[in-house]
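Structural data only, the sequence is not supplied:
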């Protein structure tokens, strides 16, 4: 007579969380041209010209504005790309990341 091997049953539960979102914020300064800010909003964030102009106006009037909200790794990369482009043209544009609530 042969004995049956015991059967082990395991249950696996996988919980996937959405990555936390971060705000990308442009800070106003008196040296970076509005045209350059508009160009970066179109190039790096795919805004249409009119929307990019509105955001740029908000940055200028309010001192800063949220330009996008995205997962941290993407937000960080966009911030770096914009900063590199600004420095290449000798602009001091600052890009800040903040957790989104």
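Thanks, I have the structure now. Computed from a prediction, not measured in an experiment: that's the story for all the values here.

Any stretches of this structure with poor pLDDT?
1-2 (pLDDT under 70).

okay, which residue is most central for it?
residue 75 (2.4 Å; CA atoms, centre = their mean).

where's it relative to residue 49, distance?
In this view, residue 75 and residue 49 are 23 Å apart by CB to CB, to the nearest Å. Bear in mind the C-beta positions are built from the backbone N, C-alpha and C, glycine included.

who's in contact with residue 51?
Residues in contact with residue 51, defined by CB atoms under 8 Å, 6 or more residues apart in numbering, are residue 41.

Three-state assignment for it, please.
Following DSSP: H, G, I helix; E, B strand; the rest coil, we place residue 51 in the helix state.

How far away from the center of its chain is whichever strand or helix holds residue 67?
Per DSSP states H and E: residue 67 is located in strand 64-71. Strand 64-71 sits 6 Å away from the centroid of its parent chain (CA atoms, centre = their mean, to the nearest Å).

Would you map the helices across this protein?
Under the criterion DSSP state H, helices of the chain are mapped to 34-45, 49-62, 72-88.

For the second one, buried residues please.
Right, the one you point to is helix 49-62. Within helix 49-62, the residues scored as buried using 16 or more other CB atoms under 10 Å are 52, 53, 55, 56, 58, 59.

how near is residue 27 to residue 88?
The value you get for residue 27 to residue 88, if CB to CB is used, is 18 Å.

The closest residue to residue 85 other than its chain neighbours: how many residues sit nearby?
Closest residue in space to residue 85, ignoring its immediate chain neighbours: residue 40 at 6.2 Å, by CB to CB, 6 or more residues apart in numbering. For residue 40, the neighbour count with other CB atoms under 10 Å is 25.

Just tell me which of the helices of the chain ends up closest to residue 11.
helix 72-88 (31.6 Å; CB to CB).
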